[in-house]
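Visitor: One predicted model, sequence on top.
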Amino acid sequence: MTSAKIPEQCETMIEVRAGVDQVDRELVALLVRRFSYMDAAARIKTDRGTVRDEARKAQVLDNVAREAEAAGLQPERLRAVWNELVEQSIAYEAVQWDRLRADR
């Protein structure tokens, strides 16, 4: 597969869409890796009540907002995206936690 053009080099919507599709593939690969850490957390945590950690969630959202702002993006927009990602991660981890304990 060839690499998509960088945004500044795009001259057609076909090129823009190819770039977006490439980024989406890369994001999926990163999300697979991120969710693998949720698998590890589910394995390591001994108490299901610790699957949801509001202090850690706030820390993650603050980190993302800081990174977004430093990159010149709107922090609240990325905070909203990450809020959903973290909620889905928590839900996934809870299912994995239950599944691991049911197999015992």
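Guide: Cool, the structure landed. Residues are numbered from 1 along each chain as shown.
Visitor: Identify the single longest helix in this protein, thanks.
Guide: With DSSP state H setting the assignment, residue counts place helix 13-44 as the longest helix in the chain.
Visitor: centre of the chain versus that helix, how much separation?
Guide: Chain-centre distance of helix 13-44: 7 Å, with CA atoms, centre = their mean, to the nearest Å.
Visitor: Show me where the chain dips below the pLDDT cut-off.
Guide: Applying pLDDT under 70 to the chain flags residues 1-2, 103-104.
Visitor: Go again with 90.
Guide: Low-confidence regions of the chain, defined by pLDDT under 90, span residues 1-3, 103-104.
Visitor: helices or strands up against the longest helix of the chain?
Guide: Using 3 or more CB pairs under 8 Å, 6 or more residues apart in numbering; DSSP states H and E as the contact criterion, the neighbours of helix 13-44 among helices and strands are helix 75-102. Backbone N, C-alpha and C define where each C-beta goes, glycine included.
Visitor: Centre of the chain to the helix it packs on, how far?
Guide: 9 Å.
Visitor: try stretch 67-75
Guide: Between the mean C-alpha position of stretch 67-75 and that of its chain there is a distance of 16 Å (CA atoms, centre = their mean).
Visitor: Contacts for that stretch next, please.
Guide: Contacts of stretch 67-75 with the rest of the structure, by CB atoms under 8 Å, 6 or more residues apart in numbering, involve 64, 65, 66, 77, 78, 79.
Visitor: backbone phi and psi for residue 5, please?
Guide: Taking degrees, to the nearest 10, you get phi -70, psi 150 for the backbone angles of residue 5.
Visitor: Test my guess that it contacts residue 19.
Guide: Yes: Residue 5 sits in contact with residue 19 when judged by CB atoms under 8 Å, with a separation of 6.2 Å.
Visitor: What backbone torsions are found at residue 73?
Guide: When quoted as degrees, to the nearest 10, the phi and psi of residue 73 stand at phi -100, psi 170.
Visitor: Can you get me a residue count around it?
Guide: Residues near residue 73, counting by other CB atoms under 10 Å, number 13.
Visitor: Okay then, goodbye and thanks.
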